[in-house]
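I would like to see how this sequence folds:
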Amino acid sequence: MVPRRRKSTRSLTLSAVLAALSVVLLGVGALLEVLDISMAVIASFAVILAVIELKGIYPYLIYATTTVLALLLLPVKTPAAMYALFFGYYPILKEKLERLPAVLSWVLKIVIFNAALAVMLVLAALLVLPDFALPEGYAWLWVVVCTPVFVLYDVALTRVLTVYLFKWRQRFRSFWGN
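Numbers count the residues shown, from 1 in each chain. Prediction:
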């Protein structure tokens, strides 16, 4: 059994490493703008690992640290904004929402996603692209296009988590200190 102080030190250190790795991944997305969404998704895997392995406050610390550092340091803020506004905190929410009945869980996931999408669109219109405006009555188009993509993302994330839990987790046991 690992003493409590040693375990918390190890967890904090792993959280710092995962946050740094996430910032680097978001930096790749900022440099290669074609990969901005992909890198935001991949960077969120650090939070996923923390939710599974470290638990407690550590996923929140990784999300907050990555968000602040990425928004401060990256030359292009798009991947950092996507991470901050959705992909970074979604793994934490997913873990909590999937404890609910399936239908309620999916309804809440879709509502949260569409709220985050609305915030992203408003921020894009106000801050990033002041001339960005959808023709009146076409905001629903974003919902129609993006919601099925989100559902596919959630299903793919569940599959990746399943593979990690049942195939890869044992290989990384010593790394996590469990």
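
what's around R171, how many residues?
Close neighbours of R171, defined as other Cβ atoms under 10 Å, add up to 9. In this view, the C-beta of every residue, glycine as well, is placed from N, C-alpha and C.

ugh, wrong one, I meant F45
Quick note: F45 (other Cβ under 10 Å) scores 19 neighbours.

P75: which element?
Using DSSP states H and E, P75 sits in no helix or strand.

can you list the low-confidence ranges for this structure?
1-4, 128-138, 173-178 (pLDDT under 70).

try 80 this time
1-7, 121, 123-140, 142, 170-178 (pLDDT under 80).

helices along that one, start to end?
With helices called from DSSP state H, the chain shows them at 4-31, 36-43, 45-49, 58-73, 78-82, 90-97, 102-123, 139-163, 173-176.

residues contacting L49?
Counting by Cβ atoms under 8 Å, 6 or more residues apart in numbering, L49 makes contact with L18.

and it, how close does it get to V122?
Relative to V122, L49 is positioned 31 Å away (Cβ to Cβ, to the nearest Å).

repeat that for K7.
For K7 relative to V122 (Cβ to Cβ), the value is 42 Å.

now R99
Relative to V122, R99 is positioned 31 Å away (Cβ to Cβ).

quick one, what contacts the spatially closest residue to L35 that is not a sequence neighbour?
For L35, ignoring the flanking residues on the chain, the nearest one in space by Cβ to Cβ, 6 or more residues apart in numbering is G29 at 5.0 Å. By Cβ under 8 Å, 6+ apart, G29 lies in contact with 35-40, 43, 78-79.

give me the buried entries from the residues you listed.
Buried subset of the contacts of G29 (neighbour count, 16 or more other Cβ atoms under 10 Å): 35-37, 39-40, 43, 78-79.
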